[in-house]
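Q: Fold the following for me, if possible:
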Amino acid sequence: MAKSINQVILMGRLTRDPEQRTTSGGKTIASFSIAVDRGGDSDAADFFEVTAWEKLGDLVIQYLGKGRRVLVQGRLRQDSWDDKETGKKRSRVEVTATDVTFLDGPSDGQAGNSSAPSAPRSSGTTSKSDDVVIEDIEDKPIDLSEIPF
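A: Model prediction:
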């Protein structure tokens with residue numbers, strides 16, 4: 001019998017800026033949602049709520065904003081509860097991220113988080129430490145005995 005697997009990989013854009021909260025135990029949680037295009041000819045998309053915990057959540061808060069493209073890997077979690085106002089049973093499925101890959105550079109995102117750091121711009125002057133010399137690389141086989149490990 002095969003063991004159970006709960007893994008999801010999604011690539012899309014953030015639909016809103018991430019929101020940060022802290023548990024009573026002091027752990028950081030970042031919550032955000034992403035839109036994943038269905039592809040084909042339609043403009044339809046699916047929307048997923050995502051949570052990222054602790055250091056991963058800190059990175060999401062620091063570097064991501066609405067419109068940024070991400071690749072999210074994680075697992076699905078379903079929550080059920082009774083709505084206090086209506087008394088009806090409610091449920092939702094959420095992605096708990098185990099890895100978030102930022103697909104846009106600091107200036108590539110459509111909106112981006114204004115507090116995200118950007119790469120320093122070149123002032124037009126160069127110093128000797130900035131110069132990079134690339135030598136021609138010979139296209140010969142590598143001698144494996146020369147590798148020190």
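Q: and the spatially most central residue of the chain, what are its bridge partners?
A: Taking CA atoms, centre = their mean, the centroid of the chain lies closest to Val100, which sits 3.0 Å from it. For Val100, the beta-bridge partners are Val72 (DSSP bridges).
Q: tell me the contacts of Gly12?
A: Gly12 is in contact with 34-37, 45, 48, 69-70, 72, counting by CB atoms under 8 Å, 6 or more residues apart in numbering. From N, CA and C alone the C-beta is placed, and that goes for glycine too.
Q: can you rerun that using 10 Å?
A: Gly12 makes contact with 33-37, 45-48, 50, 68-72, 103, according to CB atoms under 10 Å, 6 or more residues apart in numbering.
Q: Chain neighbours aside, what residue packs nearest to Thr22?
A: Excluding the flanking residues, the one nearest Thr22 by CB to CB, 6 or more residues apart in numbering is Thr28, at 5.8 Å.
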